[in-house]
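# quick one, structure for this:
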Amino acid sequence: MKKNLLFVFVALLALVPAVNAQKKGNKKNKDNTVVLYIARHGKTMLNTLDRVQGWADTPLTPAGIEVAEYLGEGLKLEGVDFKAAYSSDLGRARQTARIVLDSKGQKDMNIIEVPGVRETNFGSYEGDTNHRMWTDAALYLHYKSQKELMAAMAKNPEVLQQAMSAFKALDTLGMGEDYMDVKTRGQKAIREIAEKEAANGGGNILLVSHGMAIGNFLSDIDSSGKKAPVGHMGNAAVSKLIYKDGKFTLESFGDMSYVEKGKAAAVK
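Alright, predicted model coming up:
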C-alpha cells in the first residue's frame with residue numbers, strides 16, 4: 001500500500017512541470033495584441049501629375065509598383081509576418097497591398113477590402129490640380145496664397161481641418177468630406193478591424209490606405225492623447241498602431257525605413 005502511495009506521489013510531482021508549462025502557454029496565447037501596419041499606397045498616375053485624387057482612382061506607376069515592392073522586401077527583412085491583410089476598396093490601395101504581400105512571400109493571403117478607410121472625397125475637385133484646390137481653400141480662409149496656408153498649417157495642425165472644411169464648402173457636387181467625416185468613418189473601421197483580429201488572437205495586420213485619410217484616422221486615436229503629426233506622407237510610408245485591451249497606441253507615423261531597407265537590399 002505504501003509503495004502504491006509513493007508511486008502516485010512521484011507521478012504527481014512529475015506532472016507539475018507539465019501543468020506549469022501548459023499554464024504559461026495558455027497565458028502566452030491570451031496575449032491578443034494587434035499590431036496594425038498602416039501603409040500609404042504606392043505612387044499613382046494622378047500623384048505624378050499633381051492632381052487631386054480622393055475617391056477618383058488611377059493605377060500605380062512603375063515607380064509606385066517599385067516602392068510597394070521595396071516595402072514588401074523591407075518588411076520581410078524585418079521578419080514581419082502578417083496574419084491578415086486589409087485595404088481600402090480603391091484600386092491603388094488594393095494593388096499596393098497585393099504587391100507588398102507578394103514581395104514578402106505571402107502570395108496566398110487574401111486581401112479584405114474596407115470602404116471605411118478610403119481617401120477623402122474631394123467632390124468637384126476630384127481630378128483637378130492640387131494647386132487650384134489648395135489655392136481656393138487658402139483664399140476662402142483669407143490667406144493670400146497656397147504657400148501662406150501651408151506655412152500656417154505647419155505651425156498649427158488645426159489649419160488642415162479648416163482647409164478640409166473649405167474643400168467641402170467649395171465643392172459643387174455636394175459629395176465632399178471634411179475632417180470629421182473622414183476621421184469618424186476611418187476610426188470606426190480601424191476599431192472594427194482591431195477588435196476582430198484581437199478576438200482571433202492578435203498578431204501583425206497589414207492595412208493599406210491613403211495619405212490624407214491616414215493622417216485623419218490617426219490624428220487623435222492614441223489613448224494617451226498623443227497627436228499624430230501633420231505633414232506630407234511618402235508613398236508606401238508605414239504608421240504602426242498597437243491595439244491592446246481596447247486601447248490604441250500610435251508607435252510610429254509615416255515611417256519610410258521599411259522602404260529604405262528594401263531598396264538598399266535591391267541595390268546590392
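
# identify the residues contacting the longest strand along the chain?
Using DSSP state E to define each element, the chain has its longest strand at strand 247-255. In this structure, residues lying in contact with strand 247-255 by C-beta atoms under 8 Å, 6 or more residues apart in numbering are 194, 218, 221-224, 226, 228-229, 231, 233-234, 237-243. The C-beta positions use only the backbone N, C-alpha and C, and glycine is treated the same way.

# now could you export just the CA positions of it as PDB?
Once side chains and other backbone atoms are set aside, the C-alpha atoms of strand 247-255 remain, and they are given as PDB (Å, rounded to 0.1, in the frame of the first residue of the first chain):
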ATOM      1  CA  LYS A 247      -6.900  50.900 -26.300                       C
ATOM      2  CA  PHE A 248      -4.700  52.200 -29.200                       C
ATOM      3  CA  THR A 249      -1.100  53.400 -29.000                       C
ATOM      4  CA  LEU A 250       0.500  55.100 -32.000                       C
ATOM      5  CA  GLU A 251       4.100  53.800 -32.100                       C
ATOM      6  CA  SER A 252       5.200  55.400 -35.400                       C
ATOM      7  CA  PHE A 253       3.900  57.600 -38.100                       C
ATOM      8  CA  GLY A 254       4.900  58.000 -41.800                       C
ATOM      9  CA  ASP A 255       7.900  55.700 -41.400                       C
END
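
# for the next helix or strand after it, which helices and strands make contact with it?
On the C-terminal side of strand 247-255, the closest following helix or strand by DSSP states H and E is helix 257-267. Contact here means 3 or more C-beta pairs under 8 Å, 6 or more residues apart in numbering; DSSP states H and E; on that basis helix 257-267 packs against helix 62-77.

# and the helix or strand following the helix it packs on, what does it pack against?
Downstream of helix 62-77, the first helix or strand assigned by DSSP H and E is strand 84-87. Secondary structure elements in contact with strand 84-87, counted by 3+ C-beta pairs under 8 Å, 6+ apart, are helix 91-103, strand 111-113, strand 203-209.

# can you list the domains in the protein?
By the assignment in automatic domain parsing, the chain contains the domains 34-121+177-267, 123-175.

# determine which stretch of these is the most buried.
domain 34-121+177-267 (a mean of 20; mean count of other C-beta atoms under 10 Å).

# about what we covered before: what lines up beside the longest strand of the chain in the sheet?
Within its sheet, strand 247-255 is paired with strand 238-244 (antiparallel), according to DSSP bridges.
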